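Chemist: Task: produce atomic coordinates for the following.
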Amino acid sequence: MPVKLLIIGGVAGGATAAARARRLDEKAHIILFERGEHISFANCGLPYFIGHVIKRRDALFVTTPEDFSTRYNIDVRIFNEVVNIDTQNKRIDVKNVKTGTVYSETYDKIILSPGAEPLRPPIEGVASENIFNLRNIPDSDRIKDFVDRTKPASAVIVGGGFIGLEMAENLVHRGVRTTVIEMLDQVMAPLDYEMAAIVHSHLKEKGVTCELNNGVRSFKKKNGQIIVSTQKGVDFNCDLVILSIGIKPESVLAKKAGLEIGTRGGIKVNEFMNTSDPDIFAVGDAVEIKDFVTMLPTMTALAGPANKQGRIAADNVFGRKTKFNGTLGTSVVKIFDMTVASTGANEKLLLREKIPYLSSFTQSGSHASYYPGAKPIDIKLLFSPGSGKILGAQLIGSQGVDKRIDVIATAIRGSMTVFDLEELELAYAPPYSSAKDPVNIAGFVAANILKKDMDIVHWGELESMKNQNSIIIDLRTPQEIRREGSVKDALNIPIDDLRGKLGELDKTKDYFLFCAVGFRGYLAHRILKQNGFRSKNISGGYDMYKHRLNQ
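Modeler: Here you go, the predicted structure:
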C-alpha cells in the first residue's frame, strides 16, 4: 500500500518536505494542509514589499497552491486547519476555516510544520487599530494599505530584531519618521554589544531614534494618534505601531497530541527530525534542535534550516535515515547602507554556558585599497583558547560581508581553527578582495593572540585593568586626533615616532596601546615587548571606542 503522508503547514519547511517526498515516492498519497491562503511565500521579502523596494505582490509567491499541486501531484488543501491529532488511531481532525465544517483523515506518517506566531503581550491598548504585526502576506497587505492610504508621518517599532530593523529602513524610505523601542541595551540580539553599537551609530545617522533599555507600558489613542507610553515614563506619539518583539512556536497541536515539548517550548525532535511519536516528524520554527557549536537545545526562525529540515524529514519518512546535525543560526540583514551578519555562538551564549573562549576584532577593506570603492568590514571572531577552534563570528560592513560570513560558517561546520583561516586560499582580484582577505586577517590576528605574539585587552575590560602604574598611548597622528577625538588622558606617540621615544618610557609601567583599528597597536606592542616593556593592544582600536561613546 502507498504511504499516506500528511503535511501540516506549508511555507519553507512544509512545502519543501512535500516536494521532496514526491521526488522520493511517486506513488505516495501526500496531502498538504494550510490554514491560510498561501502555501509558499517569501516571508523575508515582506518589509521590502511594504517599502516599495519589491514592486509586485506576486513576486513574493514562491509557488501557488494550483501550480504546486499540478507539478508534484499533491493534494493541497488551503483554508484547512488541523485541530487535533489522534495518535492512538492515527487520525486527524481538520476544520475548513471558511465553512467551519470538521472532517477526519487517517495517516501513516505526519510532518508537522506549524511555524511560529508573533508575540503580542497583554499590554494595555495592544488591540487598538493601527497596531500591526508582520508575519505573513495578509499582515503585509494591511500595513502597506495603511501606509499607502494614510501616509503616516511617524511610526514606533517595538523590538529591534531583524524584522523590526528591516521595517525601520523601509518606513524611512517611505518618508515615515521612525522610533525603535527595545527592552535590551542593544538592537540585534545575535550580536554582542560592541558590534551592535556600530549598528546604533548607523541607525542614528539615518534618522532612526533608538530608545534602548526601555519597554512599552501602554498604548492609547488620542486625536487620531497612538500614544506609546514606556516604562521609563517617556511617551512617543505616532501614527502606527509595528510589534516586532519576537515569536513563539506554535506547539498547541503538538501538545494536544501528547508530543514531547522541549525546555524552550518548541517541539522536541531528534537528529532525524522525529518527535516523541515515531510516526510524526516536525520541522521549522516550531522545533527545538541542537546548536551546532554548543550542542545545547536551541530554536531558530530561519528559512535555510527550515528548508533543510523539511528535506531531511521527508527522507526519514521514506527510510533514508538522513541526519540534521544542528544549526549555526547563520544570518545576514541589510540595514540601510550596512550589512550585518553572524554565525555560530556569540559571547553572551558562551559566557552563559561557561564555555571558554577568546575574541578578536579586526577591520579590513572589502577589496584592495587602491581599487576605487573599498569599504571597511569589521569582524569579531570568537575561538577556543587552546585549539583555536572557531566558535562564532559577527561581521558588519557595506560590501562583501555576506561572502565572508559564509566562509566562516563553512569553517565552523568543518571544525576548522583560526590557524586554518590563516591558510585559506580565497579568490583575489582588486575589485573583489585583497591578497590577504579579511577572513585571512581575522585568522592572523586570532593566531597571534594564541601564539602570545600579541597581548590584547578589550575596551570593556580596560577600566578595571587601569591603575596608577598604567599609561594609555594613542598611536595615531595628531591630525587624526584633531579630526576624530581621543581617549581622556591618553599620551600621543605616533607609531612612526615610537622607537625614538623608547628612552622616555618607563619599564615599570603598564602600557595600553590603541590606534584607529588595531594594526598600529599590534606593531607598537611588538616594538615594546621586544624592548623589555609591558604592553597590551586595545582590540578594535578607537573606531570601536567611538561607537561605544555614541550610545
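
Chemist: going forward, measure contacts between C-alpha atoms and count neighbours the same way
Modeler: OK.

Chemist: where does the chain dip in pLDDT?
Modeler: Where the chain drops to pLDDT under 70, the residues are 549-551.

Chemist: do you know how far the spatially most central residue of it is from residue 486?
Modeler: Central residue of the chain (CA atoms, centre = their mean): residue 331, 4.5 Å from the mean position. Relative to residue 486, residue 331 is positioned 34 Å away (CA to CA, to the nearest Å).

Chemist: At which residues are the helices of the stretch 201-350 of the chain located?
Modeler: Counting by DSSP state H, counting those that start in this stretch, the stretch 201-350 of the chain has helices at residues 252-256, 303-317, 347-352.

Chemist: so of the ones you listed, which one's packed in deepest?
Modeler: Mean neighbours per residue, mean count of other CA atoms under 10 Å, is largest over the helices of the stretch 201-350 of the chain for helix 303-317, with a mean of 24.

Chemist: Which residues does that one contact?
Modeler: With CA atoms under 8 Å, 6 or more residues apart in numbering as the test, helix 303-317 has contacts from 12-18, 20-21, 24, 109, 111, 272-274, 281-285, 321-324, 327.

Chemist: Sort out which of those are buried, if you could.
Modeler: 12-18, 20-21, 109, 111, 272-274, 281-285, 322, 324, 327 (16 or more other CA atoms under 10 Å).

Chemist: Which members of those residues are positioned in strands?
Modeler: The members of those that map onto strands under DSSP state E are 109, 111, 281, 282.

Chemist: okay, the residues you listed in CSV with distance to residue 28 next?
Modeler: CSV is the format used below for those (distance: CA to CA, whole Å):
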residue, distance to residue 28
109, 11
111, 14
281, 17
282, 19
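
Chemist: quick one on the thing from earlier: contacts only, for the residue nearest to the centre of the chain.
Modeler: Neighbouring residues of residue 331 by CA under 8 Å, 6+ apart: 302, 341, 342, 343.

Chemist: Which one (most neighbours) among those?
Modeler: Neighbour tally across these (other CA atoms under 10 Å): the maximum, 28 neighbours, falls on residue 342.

Chemist: Name all residues that make contact with that residue.
Modeler: Residue 342 neighbours (CA under 8 Å, 6+ apart): 190, 191, 329, 330, 331, 332, 392, 393, 394, 395, 405.

Chemist: Please apply the same query to residue 340.
Modeler: Listed by CA under 8 Å, 6+ apart, the contact partners of residue 340 are 332, 333, 334, 394, 395, 396, 397, 401.

Chemist: tell me the two of the residues you listed that are most distant?
Modeler: Maximum pairwise distance among those (CA to CA): 14.0 Å, between 334 and 394.

Chemist: All the strands of the stretch 1-150 of the chain, residue numbers only.
Modeler: For the stretch 1-150 of the chain, the strands defined by DSSP state E, counting those that start in this stretch occupy 4-8, 29-34, 75-78, 80-86, 91-96, 102-106, 109-112, 116-118, 131-133.

Chemist: Give me the helices and strands touching the helix or strand where residue 178 lies, please.
Modeler: Taking DSSP states H and E as the criterion, residue 178 maps to strand 177-181. Here strand 177-181 touches strand 154-158, helix 162-173, strand 209-211, going by 3 or more CA pairs under 8 Å, 6 or more residues apart in numbering; DSSP states H and E.

Chemist: leaving aside the residues next to it on the chain, what's closest to residue 198?
Modeler: Leaving aside its sequence neighbours, residue 198 sits nearest to residue 547 (CA to CA, 6 or more residues apart in numbering; 5.6 Å).

Chemist: Relative to residue 204, how far out is that neighbour?
Modeler: 11 Å.

Chemist: now swap in residue 18 and tell me
Modeler: Taken as CA to CA, the span from residue 18 to residue 204 is 45 Å.

Chemist: check contacts around residue 383.
Modeler: Residue 383 makes contact with 357, 358, 359, 389, 390, 391, 392, 417, 418, 446, according to CA under 8 Å, 6+ apart.

Chemist: Pull the contacting residues for the residue nearest to the fourth one when sequence neighbours are not counted.
Modeler: Think residue 389. For residue 389, ignoring the flanking residues on the chain, the nearest one in space by CA to CA, 6+ apart is residue 417 at 4.0 Å. Each residue near residue 417 by CA under 8 Å, 6+ apart is listed here: 383, 387, 388, 389, 390, 411.

Chemist: Can you give me the neighbour number for the fifth one?
Modeler: Residue 390 sits with 32 neighbouring residues when counted by other CA under 10 Å.

Chemist: Between residue 547 and residue 204, which is the more surrounded one?
Modeler: residue 547 (18 against 13).

Chemist: My reading is that the more buried one lies in a helix. Confirm?
Modeler: Yes: note on residue 547: a helix contains this position according to DSSP: H, G, I helix; E, B strand; the rest coil.

Chemist: so how far is residue 88 from the residue lying closest to residue 45 once chain neighbours are set aside?
Modeler: Using CA to CA, 6+ apart and skipping residues adjacent in sequence, the residue nearest residue 45 is residue 60, 6.7 Å away. Distance, residue 60 to residue 88, by CA to CA: 39 Å.

Chemist: returning to that earlier point: quick one: closest of the strands of the stretch 1-150 of the chain to residue 46.
Modeler: Judged by CA to CA, the one of those that comes nearest to residue 46 is strand 131-133, at 11.5 Å.
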